[in-house]
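Trainee: I would like to see how this sequence folds:
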Amino acid sequence: MTSASRLHIYSTRHREFTQLLADGFTEETGVAVDITDIKSDAHPRMLAEGSDCLADVIVTLDFRRLITLAELGLAQPVRSNVLDQLVPEHLRDPQGLWFAQSMRARLIFAAKALDQTSFTYDDLAATEWKNRMIIRSAGHMFNTALIAAYLAEHGDGATEAWMKGIAANRPLRMGGDRNVARAIADENAEIGLANSYYYGEMRSGVSGSEQQAWMESLRAFIPTFANGRTPVNITGSAVARHARHPELAVAFLEFLAGEKAQRIYADKSYEYPASPDVPPNDLIREAGELDPDTTPLSIVSRHSDRAVELAATIPWN
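Mentor: Numbering: from 1, shown residues only. Just a heads-up that it's a prediction; the model follows:
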């Protein structure tokens, strides 16, 4: 590798976090990194740019965005023994078109006063929680990913019944996932659904003392499906189809899968590392041990359109 070459990343993640990864790669390899921030999906810009696209690597979140890149021919296949060794098979594309770097799960936050030792996602539809819970809108991307996973596991009829059960419980909707903790702290709800990394961010104090104080009122649980496993969404990366520096791009993906970058995912973003060799941050482990569902994300993705449709026809708040 030569320091004269520069790697260009298109990133849909927060600039501060992508910069941490880029700086780590530069420190390890001497390769400078340029970052273009993209607010949502990268594919519209990449399609418009065609062969003029500057991206060597796309860094994004949500498995559906990665699969879209692959389906549109905007990613190129990667063959890497390093990636095959460090990234579990169910967290990478079979043709090497994308690779996960971290996982996030939808946790249940519950008031400490509750006598509860575990939760399943089915519990969200139990009548005992009527008027006692908070969830952001069904149509938000965090929840449509969960609905798609539920469809893949349980089928259409069971998923529709589950969503009707949640809707019948009349969950509060008070903005984003952080407000789940606030609602529980203010005794406006007793349980709620929130992404796992919010627990670490708020519990650590990095999000401020007020949010840290909210966390004193609750515990976090890793819910499961009936099979005892938990569906996950991912953050991941792909090498762009028109990458000018494909060898550097592969080296960057290998860096992301390695221990140094995986610790950044764990300790700076409070996500579950994709590599089984790197444990989650201790704060996240307070919720329990994650046993991720291994259903291929390509199969879960087939249910995405139906998940969006159900979220629109059975809005649960």
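Trainee: Strands of the stretch 101-250 of the chain, start to end?
Mentor: Counting by DSSP state E, counting those that start in this stretch, the stretch 101-250 of the chain has strands at residues 106-111, 133-134, 191-195, 218-221, 233-239.
Trainee: same for the longest one, what does it pack against?
Mentor: Of the remaining helices and strands, those touching strand 233-239 by 3 or more C-beta pairs under 8 Å, 6 or more residues apart in numbering; DSSP states H and E are strand 57-61, helix 63-71, strand 99-104, helix 246-257. (Glycine included, C-beta is placed from N, CA and C.)
Trainee: Which residue ranges make up the domains of the chain?
Mentor: Taking automatic domain parsing as the reference, the chain has its domains at 6-103+232-280, 105-230+293-313.
Trainee: Kindly reformat these as CSV and extend each row with distance to Glu286.
Mentor: Output for these, formatted as CSV (distance: least, C-beta to C-beta, whole Å):
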stretch, distance to Glu286
domain 6-103+232-280, 10
domain 105-230+293-313, 6
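Trainee: and the nearest residue to Gly165 once chain neighbours are set aside, what pLDDT?
Mentor: Leaving aside its sequence neighbours, Gly165 sits nearest to Ala125 (C-beta to C-beta, 6 or more residues apart in numbering; 2.7 Å). Per-residue confidence (pLDDT) for Ala125: 98.
Trainee: Next one: Ala125 from Asp293, what distance?
Mentor: Noted for Ala125: a distance of 19 Å to Asp293, by C-beta to C-beta, to the nearest Å.
Trainee: before we move on, the earlier item: so for Thr60, which of the strands of the stretch 101-250 of the chain sits nearest?
Mentor: In terms of C-beta to C-beta, the element of the strands of the stretch 101-250 of the chain nearest to Thr60 is strand 233-239, at 6.8 Å.
Trainee: Can you name the residues in contact with the closest one?
Mentor: 13, 56-63, 66, 69-70, 74-76, 78, 91, 97-105, 142, 145, 246, 249-250, 252-253, 256, 265, 271, 274, 297 (C-beta atoms under 8 Å, 6 or more residues apart in numbering).
Trainee: Figure out which of the strands of the stretch 101-250 of the chain is closest to Arg306.
Mentor: Judged by C-beta to C-beta, the one of those that comes nearest to Arg306 is strand 233-239, at 17.0 Å.
Trainee: so what strands line up beside that closest one?
Mentor: strand 57-61 (antiparallel), strand 99-104 (antiparallel) (DSSP bridges).
Trainee: Next up, the contacts around Lys39.
Mentor: Thr12 are the contacts of Lys39 under C-beta under 8 Å, 6+ apart.
Trainee: make it 7 Å
Mentor: Not one residue lies near Lys39 by C-beta atoms under 7 Å, 6 or more residues apart in numbering.
Trainee: same deal with the one 3 residues further on?
Mentor: Contact analysis of Ala42 by C-beta under 7 Å, 6+ apart lists Tyr10, Thr12, Ile58, Thr60.
Trainee: ok, 10 Å please
Mentor: By C-beta atoms under 10 Å, 6 or more residues apart in numbering, the contact set of Ala42 is 10-12, 36, 53, 55, 58-60, 65-66, 68-69, 74, 238, 240.
Trainee: buried subset of the residues you listed?
Mentor: Neighbour counting with 16 or more other C-beta atoms under 10 Å marks 10-12, 53, 55, 58-60, 65-66, 68-69, 74, 238, 240 as buried within the contacts of Ala42.
Trainee: ok, those vs Glu216, which is closest?
Mentor: Thr12 (32.9 Å).
Trainee: Tell me how far that closest one lies from Glu201.
Mentor: For Thr12, the distance to Glu201 - C-beta to C-beta - is 18 Å.
Trainee: how near is Ile184 to Phe119?
Mentor: Between Ile184 and Phe119 the computed distance is 14 Å (C-beta to C-beta).
Trainee: what about these two, which has more around it?
Mentor: Neighbours per residue, other C-beta atoms under 10 Å: of Ile184 and Phe119, the larger number sits with Ile184, 27 against 19.
Trainee: tell me the pLDDT at the more buried one?
Mentor: 98.
Trainee: so it makes contact with Leu193?
Mentor: No - counting by C-beta atoms under 10 Å, Ile184 stays clear of Leu193, with 11.5 Å between them.
Trainee: what touches both of the two?
Mentor: Shared contacts of Ile184 and Leu193, counting by C-beta under 10 Å, 6+ apart, come down to Phe109, Met133, Ile134.
Trainee: For the residues you listed, give me CSV that also has distance to Thr26 and neighbour count.
Mentor: Below are the shared contacts of Ile184 and Leu193 laid out as CSV (distance: C-beta to C-beta, whole Å; neighbours: other C-beta atoms under 10 Å):
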residue, distance to Thr26, neighbour count
Phe109, 37, 29
Met133, 45, 27
Ile134, 42, 25
